[in-house]
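Participant: got a sequence here, can you build the structure:
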Amino acid sequence: MEAQFEVGRETNFPDPAPGPDPTPGPASDPDIDTSSQDFESVGLEKELRFDAVCFRYDKTRTGWILNGIDMVIPANAMTAIAGQSGAGKSSIADLILGLLTPDQGQIYTD
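Facilitator: Below you'll find the predicted structure:
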């Protein structure tokens with residue numbers, strides 16, 4: 001049985017209100033020393049694109065966790081990926097973050 005998931009997009013968001021960023025993180029947490037760490041921002045200006053992406057955790061098996069995924073995630077838009085348990089949502093997130101590498105296909109930015 002092949003897993004199925006859906007990708008949804010919403011691009012009509014109002015500009016955020018001015019003011020301090022309420023999101024906690026390393027830069028705002030006094031207990032985390034970031035002075036010796038090099039952080040590089042990856043500026044996505046247009047889109048992130050999956051082109052026939054295939055992935056499997058167990059390289060000795062023939063079945064794919066993700067099989068031939070084609071999708072476009074636009075920059076500066078909220079994108080939701082929904083699906084059943086085991087559909088590959090976390091694997092897609094890990095591929096986007098670069099924690100995993102596709103076995104086949106390509107992931108492009110801009």
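Participant: neighbours around Trp64, how many?
Facilitator: Counted with other CB atoms under 10 Å, the neighbours of Trp64 add up to 18. Where C-beta positions appear, they are placed from N, C-alpha and C, glycine not excepted.
Participant: tell me who's in contact with it.
Facilitator: Residues in contact with Trp64 (CB atoms under 8 Å, 6 or more residues apart in numbering) are 54-56, 103.
Participant: let's see it at 7 Å
Facilitator: Residues in contact with Trp64 (CB atoms under 7 Å, 6 or more residues apart in numbering) are 54-56.
Participant: again with Ala52
Facilitator: So Ala52 contacts 68, 70, 104-105 (CB under 7 Å, 6+ apart).
Participant: next one: it from Met78, what distance?
Facilitator: Distance, Ala52 to Met78, using CB to CB, to the nearest Å: 25 Å.
Participant: next one: Glu45
Facilitator: 17 Å.
Participant: who's more crowded, these two?
Facilitator: Neighbours were counted for Glu45 and for Met78 using other CB under 10 Å; Met78 has more, 12 against 8.
Participant: mind listing the residues bridging to the more buried one?
Facilitator: On the basis of DSSP bridges, Met78 is bridged to Glu10.
Participant: and it, what pLDDT?
Facilitator: In the predicted model, Met78 carries a pLDDT score of 89.
Participant: go on, Met71?
Facilitator: 95.
Participant: again, but for Asp110
Facilitator: For Asp110, the predicted pLDDT is 85.
Participant: enumerate every residue touching it.
Facilitator: Neighbouring residues of Asp110 by CB under 7 Å, 6+ apart: 44-47.
Participant: give me the below-cutoff pLDDT ranges for this protein.
Facilitator: Across the chain, the ranges flagged by pLDDT under 70 are 1-42.
Participant: let's see that with 50 instead.
Facilitator: Low-confidence segments of the chain (pLDDT under 50): 1.
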